Each structure stands twice: as C-alpha cells, then as structure tokens.
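Enquirer: just the structure for this:
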Amino acid sequence: MPDLANLFVSVGLTEQKAKETVKNKNVSATFVEAIDLAKKSCEVDKSIGGLLYQISTRLKHKEHLPVIVKFVAGKKIKTEIQLSCALDYLKNNPSIPVDEQKFSDASGVGVEISPAQVEEVIENLVNENKAELLSQRYRFNTGKILATARKLLKFADGRIVKSELDMQILDLLGPKTEADFGPVAKGKKEKKEKSGSKSGKEEEQQWEDRSLMEQLRGAALKFHKPGENYKTEGYVITDNTMRLMGEHLKITGGQVRTRFPPEPNGILHIGHAKAINFNFGYAKANDGICFLRYDDTNPEKEEEKFFTGILAMVKWLGYTPYKVTHASDYFQELYDLAVVLIKKDLAYACHQKYEEIKGINPPPSPWRNRPISESLALFEDMRKGKLDEGSTTIRMKHIMEDGKQDPVAYRIKFTPHHRTGDKWCIYPTYDFTHCLCDSLEHISHSLCTKEFQARRSSYFWLCNSVDVYCPVQWEYGRLNLQYTVVSKRKIQKLIDAGIVRDWDDPRLFTLTALRRRGFPPEALNDFCAKVGVTGNLCILEPTMLESCVRTTLNNTAPRVMAVLDPLKITITNFPSDEGSIEIKVPNFPADESRGHHSSNLTKSLYIERTDFMDIADKNYKRFASNQSVGLRHAGLVLTLDRAVKGDNGDVTELIVTCKSVEESPKPKAFIHWVSATSSLACEIRVYSRLFKHKNPEDPAVVPGGFVTDCNSNTLTVNTAARVEASVKNSKVFDKFQFERLGYFCVDPDTNDNKIVFNRTIPLKEDPGKN
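Expert: Predicted structure coming up:
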C-alpha cells in the first residue's frame, strides 16, 4: 500500500488523494497499468499523471486503455477538454480496434487555437451582450458567454478564454466602482403562482399521479437506446460486439424489444402485475414489442392450466403479446451453444451430486479440468439417455456475482415434456437459458427484479462466451404486499390444508383470485403506476391497492340495490292499484347521462334490518317508530304504523304508510330497498384478511409458521340476501356497487338457479354514519 501511494504521489497526486485512490482497487489497478504503459514512451510528469488519473476513473472499457494512454504519453492529448472529447468518442465507438484517425480528429489532436481567434470570438460575444453588460455591469452572469465560447472554441484552453473575457469586460466597463461592491437593490418580488412552484413532496405526488405509460417514457428511466447496449455500466465489449450489434439492428430496426418470461408452474400473483406492466408497458410506451415467453425447462412441474392461466392474466391486464414463445422452442439452439461452450473449455461434465454443489461455497469439482473431448462425449451420452438422472451435469466455468461457483447449465430429467415429448431427456437451467433466449429473440431490454442483479455479469459472460448478440439486463424493485404469501409452494400448502379452496380463492393475492374477488384490471395497473418506476423493493399494505380498486369501481361499477339482512315492509296505502310501479333508477346517480335501469316498486318491500330501530336516539337517522325515512329513487317517505314481532320478540314485519316526498317533511335519511316479490334471492360471500400479522412468513413474529397465522372465519356466506331483478342476466365477473353497502362481483359459481356475489371491497368507511 505505501509503494502504490508513493507511486501515485510521484506522478502528481497529493498524499491525501493518493491514499484515497489506493483504497479503490479497480481505479488503482487501472492507474498503475496506465502509468506503466506511459513510462514505455515518456517521463510521467504531473501534467501527464493528472490526465492518466482521469482516464483511470472515467474510462468505460478497459480495452481502450492502451490507445488513449499512447495519445496522452505522446502529448497528442494535452488538455482536459481534449481528454473529455477522447473519452466521449470511445464511449460512443467501443469497437476494437479503435479507428485512430477518427479518434484523433474527435480528440482535437493538432488543433491549435490562436490568441487572435480567441480574441475575435470573445469580442463578438461581448458585443452581442453589450446592453446587458452596461446595465448590470459586474453583476452580469458571464457564464452564458463562456458556455457559448466553449462551443465555438471547443479545444481552446479554458483559462485563456476566461482571461480574454475578463480583459474585454474591463475595457468596456472600466475598473469596479464603489457601487459595484454595494448591496443589490431589492426590487419588489413578484409573487409566484402556486402552480409555478412546487415543493419536493408536491413534485413527488405529481410524478406518482402520472400514468405508467408517462413514467415509462419519462426521465425516471435511464435505460440505453436500442443499439447502444455498450453504453451501459458493466457491459462487456468483445471483438465481435459491434458486428453482432449491427446484425441485431438490421433485424429489429432499432425497435425496443422486451419479454415477460414466467415459469408455467403456478398462477401469477400481485408481484407479477408489476412485471407485466413494466415489460409490456415499457415496450408499448416506446413503440416497441413484448414477447410472452414461457420458461418451460422444468417438465415435472408444468401443467397446461398454468400456460393458459398466464396468458389469460396478461390479456386481462390489457396487454397482447407480440408473440407467445417457449424456451423449449430453442432447445436445439441451446444444446448447440452448450457444445460451443464445452469446446471453448468454458464448461465441463461433472458428477458431483446435487447435495454436494448446492449453496455458495461447494467443494471444487474434481472433474473441472477434464479433457474437452471427455466432456463432449459425456454430454452426448446425457442427450441419448445413457446416463442416470442425477449422475451427471454440465457446469459452466464461471463464478457468479453472489459467489456461486460453476453454475449448472444442463441436467438429466427423464420426464416427458408437454411440448417436445420424449425428444429430450436433458434440460437447460435458468442460468443457461435466460440470457441466450433473450439473445435469440433479439431482446433490447431484459427487465427483471432486483434479486437477479447478482446474475448480470453472468448474463454478459455467457452471451460473449458463445459469441452471440448480448442484450442488457436491467433490474427493478420487486413488489410485495403485507398480510399475504405468494410462494407457489406455500399457497399449495394452504390449499392442501383446506384453508383456501384453490389458486383463485378471493382471500389470496394471485391475479386469478383478485379477478374473482372483483378487482378490476385497471385498478391493478393504476396501483403499479402509483408504486412507480423504481429500483427499490416495495413492501406495501393492501390498503393502497384497495384505494385504487375503490377509485376505479366508483367510476365504472353501476349502482343497484340489494339487501343483505332483509326485513319485510308492507305499505298499506300503496299508490297503485296494480300493486307495482316501474321506476327508472340511474346507473350512476352522480351522472344520470350514463343510463338507467328499471326496478319494481311494490307493496311489499325488503329493507336492511339494521335500517330499523324501535325508538330512534338523537344520533340515529334512519327508520324508527318515532322517525320517518325516505326510499331511495322512489320519491316516497315511510311512516310506521306498527311492528309485527315473532315469539322471540324480534321484529318480523313493518306495517307502514307512505306519502310522496313533496307532501312530507324532509326525512333525515333515504334507505335502499328491494321488491319482496320481484327481487332475486342471492348468495353473498364476504371475505376478510387471511393472516393476522403483516409478515406471516417471519419466524420471529410467527414461530409456528405461516399456516398457524391464519385467521379463523375469514369467509362469511349469506344465503338470505336479495338483489333487484335488473342483475338477472349478469355475466361472471360483472361488477356492481350495492348502494350503501359496497362493491360486489358476480362469482363463477353462479348458475341458472343461484346468483353468487363476492364482496370486492366495502365503501369507504364513514365513522359518523348512523
């Protein structure tokens, strides 16, 4: 460490800077290499050392180090502005070998700016700003003149330009006077309109309120442009990178291409909604395309219902894949690329058992350095089914970012594949398949959650090792909700234990469960937009999602009337001899232009049992023996004549009279109702939170395991409810607001004999409501 620090001081760094640089291993190594290269052709003095230090901290691709050091050592690049132009050129033109003539031109080699040229440019700029200079004198902001001068005199020494400007301003204004040093006269400040100035919190809220499409087009993303993969941090340049990039661009035309690659071994959950929105949304927002690619490399876990279920959920969220593909579409190409990897001595056949190689630090494989021909022969035997399952794998000679050594590329599985049948008995792993399928489909942006960040360097390594086009992997923050589990294995455990019925049980947060409960896809998309485009892990309470659901349904769910706990009413002076009046009820009372439906007002009605009290207290506003009540949409006010009670003392029927609203004092409340004769019997299912704790998987909070954290009685079934007849022909998943009760959705269990509703979400709670 002292030797390195002394070396860095000898080429111009201060002692403090030298010590700080030594601590950064990457910069130190590059700086030492740059000094060694420069010393071959020159004495490294302070000026050259300063430029070499900047190269060490700013050079994107180390392969360019010999070229740029040669130009610095040869004193062709002498200034910081030249160096900046040189680094920009290499960033935008990463091909090896470097075109030295173009590099030289871009770096301003040989360009001499005479004092006369500097004087002329500055004189012209001072004249253009003369009026402001005379008015503001030495308070004039000279930065804008210098910025323009730098554009016109790109390779001029900045100190000379600044000195010339100072001299010409002095000639124009003369020496500073006492007034130039005095305080600035305070003018009357103009009040800014509220909309013109926003606090950080307001700006954050404004960003949150943007649609996902706006965010995916906006400044929140710092993704590369298609074809500029090499500008990404950590992207590896090889001799063939630019040739392969050119071929990629010919195929794609510079189009954004993404993919959503789920494993077809389970149902999608709320976290996948963000992945779908991000992958499909980014492509859509940038006029690109998105593939739905099933990662079907584990045949024993895959079922047809998962394939169809995944596609259905993608379409439910409003997206259409450009093309539906499968990893199995590329089994032959993947096999051929594995052969290439073995021939390059970058993969080998290994006989260690799974138990031996799992984890981060397994013992080294004794077969790592076996002959290439041996590995090729064993791989062929694996393909032909000559070796036992578990006896042999193909492993890649690579250490992943998380420390995992030599990940498995292929393993033996004597399980028929749902698409390829018995053609293959070897299957590639995710680590081998993921990046190569991205390459074969010419994906421009491989978007995945943050936990795959540890595989990014492996992604680049494998594509470059087999010499194919290399996409860029970008990571975003995972979305998790509290009070739930989404693991396929854990949901299956809940199903097996009889706690939930199936993958679409409305107490779960799978997408099929949310659809069955009545969550509209627009609300899920809005929720993803509010979570925002972020690389941070998002752990949220379900209330934020419920708020989005409530907002969406408030605008889209037509209003109807239903009674959950019916209490019969008989109107003795019903205003029609026919016993029935057809009334028009607005689907959206706040906007009657959105249509109406018919409802029957009859002599016998049902109201909610909770809407009647024997004697009203001062806070009670609904029906009572001493208090009239209005009927919603009917234009009638009811007054109690008498209450009929059963043997147990409970009220079984109310005998009432009615008057029109115009003839009666305004009642304190209007209640909902349904006809006793024409309403439909229905089943209402009300679901409540499945788990007691925010994180039921945390052993510190739930030592008995997540199954023990389940609430009891999380489903209430009401078979006595009634709903108005207008919903008779509703389809499964149709959504309604039952006035004053909440939002409800038609369940798939509905049949010709029974209509079943799931409560999606209650209306927003109003603590003062009585």
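
Enquirer: wait, isn't Ile270 in contact with Tyr483?
Expert: No. Between Ile270 and Tyr483 there is no contact under Cβ atoms under 8 Å: 11.6 Å. In short, each C-beta sits where N, CA and C put it, glycine included.

Enquirer: settle it for me: which of those two has more neighbours?
Expert: Taking other Cβ atoms under 10 Å, Ile270 and Tyr483 do not tie; Ile270 has more neighbours (24 against 18).

Enquirer: now the more buried one: closest residue in space that isn't a chain neighbour?
Expert: Phe509 (4.6 Å; Cβ to Cβ, 6 or more residues apart in numbering).

Enquirer: hmm, which helix or strand of this structure has the shakiest average pLDDT?
Expert: Lowest on mean pLDDT, DSSP states H and E among the helices and strands of the chain sits helix 200-208, with a mean of 46.

Enquirer: count of residues packed around the residue nearest to Ile270?
Expert: 23.

Enquirer: check Phe260 too.
Expert: Residues lying near Phe260 (other Cβ under 10 Å) number 23.

Enquirer: and it, what are its phi and psi?
Expert: phi -110, psi 110 (degrees, to the nearest 10).

Enquirer: any idea what it is bridged to?
Expert: With DSSP bridges as the criterion, Phe260 is bridged to Leu292.

Enquirer: shift numbering so it begins at 135
Expert: All right, first residue 135 from here; so that's Phe394.

Enquirer: dump the residue contacts of it.
Expert: Listed by Cβ atoms under 8 Å, 6 or more residues apart in numbering, the contact set of Phe394 reads Ala409, Ile410, Asn413, Phe414, Cys424, Phe425, Leu426, Arg427, Val448, Pro455.

Enquirer: now swap in Glu397 and tell me
Expert: Neighbour list for Glu397: Tyr428, Asp429, Asp430, Asn432, Lys435, Glu436 [criterion: Cβ under 8 Å, 6+ apart].

Enquirer: nearest to Glu831 among those residues?
Expert: Nearest to Glu831 among the contacts of Glu397, counting by Cβ to Cβ, is Lys435 at 21.4 Å.

Enquirer: OK, contacts around the nearest residue in space to the closest one that is not next to it in sequence?
Expert: Of all residues not flanking Lys435 in the chain, Asn399 sits nearest, at 3.8 Å (Cβ to Cβ, 6+ apart). Going by Cβ under 8 Å, 6+ apart, Asn399 touches Asn432, Lys435, Glu436, Glu437, Phe440, Lys622.

Enquirer: look up phi and psi at Asn399.
Expert: Dihedral angles of Asn399 (phi, psi; degrees, to the nearest 10) stand at phi -130, psi 20.

Enquirer: per-residue pLDDT of it, please?
Expert: In this prediction, Asn399 carries a pLDDT score of 88.

Enquirer: same thing with Gln389?
Expert: Gln389 carries a pLDDT value of 95.

Enquirer: count residues in the vicinity of the nearest residue to it once chain neighbours are set aside, would you?
Expert: Among residues not flanking Gln389 along the chain, Gly422 sits closest, at 5.3 Å (Cβ to Cβ, 6+ apart). Neighbours of Gly422 under the rule other Cβ under 10 Å: 19.

Enquirer: now the closest residue to Ala240 other than its chain neighbours: phi and psi?
Expert: Nearest residue to Ala240 in three dimensions, chain neighbours excluded: Tyr223, at 4.0 Å (Cβ to Cβ, 6+ apart). The phi/psi pair for Tyr223 (degrees, to the nearest 10) reads phi -60, psi -50.

Enquirer: OK, contacts around Tyr223?
Expert: Tyr223 neighbours (Cβ under 8 Å, 6+ apart): Lys236, Phe237, Ala240, Ser241.

Enquirer: what sits against the last one?
Expert: Ser241 makes contact with Phe205, Lys210, Ile211, Gln216, Leu217, Cys219, Ala220, Tyr223 under the criterion Cβ under 8 Å, 6+ apart.

Enquirer: the same query, at a cut-off of 7 Å, please.
Expert: Phe205, Ile211, Gln216, Cys219, Ala220, Tyr223 (Cβ atoms under 7 Å, 6 or more residues apart in numbering).

Enquirer: these in helices, which ones?
Expert: Here DSSP state H is the test, and the contacts of Ser241 give Phe205, Gln216, Cys219, Ala220, Tyr223 as lying in helices.

Enquirer: quick one on the thing from earlier: looking at the contacts of Phe394, spot the one nearest Thr736.
Expert: Using Cβ to Cβ, the contacts of Phe394 come closest to Thr736 at Val448, 46.3 Å.

Enquirer: state the three-state secondary structure for the closest one.
Expert: helix (DSSP: H, G, I helix; E, B strand; the rest coil).

Enquirer: state the distance from it to Gly632.
Expert: 31 Å (Cβ to Cβ, to the nearest Å).

Enquirer: more crowded one of those two?
Expert: With neighbours defined as other Cβ under 10 Å, Val448 and Gly632 compare such that Val448 has more, 23 against 7.

Enquirer: Pro655 versus the more buried one, what's the distance?
Expert: As for Val448, its distance to Pro655 is 10 Å (criterion: Cβ to Cβ).

Enquirer: same question for Lys204.
Expert: Noted for Lys204: a distance of 59 Å to Pro655, by Cβ to Cβ.

Enquirer: what of Ala691?
Expert: 14 Å.

Enquirer: what about those two, which has more around it?
Expert: Between Ala691 and Pro655, counted using other Cβ under 10 Å, Ala691 has the larger neighbour count: 22 against 18.

Enquirer: tell me the pLDDT at Val790?
Expert: In this model, Val790 carries a pLDDT of 94.

Enquirer: sec struct for it, please.
Expert: Assigned with three-state DSSP, Val790 falls in the strand class.

Enquirer: pop out the phi and psi values for the residue lying closest to it once chain neighbours are set aside.
Expert: Nearest non-adjacent residue to Val790, counting by Cβ to Cβ, 6+ apart: Leu772, 4.6 Å away. When read as degrees, to the nearest 10, the backbone of Leu772 gives phi -100, psi 140.

Enquirer: residue contacts, Leu772?
Expert: Contact analysis of Leu772 by Cβ under 7 Å, 6+ apart lists Phe757, Ser762, Val763, Leu765, Val790, Cys792.

Enquirer: which of these lies closest to Asn852?
Expert: Nearest to Asn852 among these: Phe757, at 21.3 Å, using Cβ to Cβ.

Enquirer: list the contacts of the closest residue in space to the closest one that isn't next to it in sequence.
Expert: In this structure, Phe757 finds its nearest non-sequential neighbour in Val763, 4.0 Å apart by Cβ to Cβ, 6+ apart. For Val763, the contact set (Cβ under 7 Å, 6+ apart) comprises Arg756, Phe757, Leu772, Pro801, Ala803, Ile805.

Enquirer: let me see the confidence value for Val763.
Expert: 95.

Enquirer: hey, what's it bridged with?
Expert: The partner residues for Val763, given DSSP bridges, come to Leu772.

Enquirer: any idea how far Lys225 is from it?
Expert: 75 Å.

Enquirer: ditto for Thr459
Expert: 34 Å.

Enquirer: residues near Lys359, how many?
Expert: 11.

Enquirer: do you know how far it is from Thr459?
Expert: Taking Cβ to Cβ, one finds Lys359 at 24 Å from Thr459.
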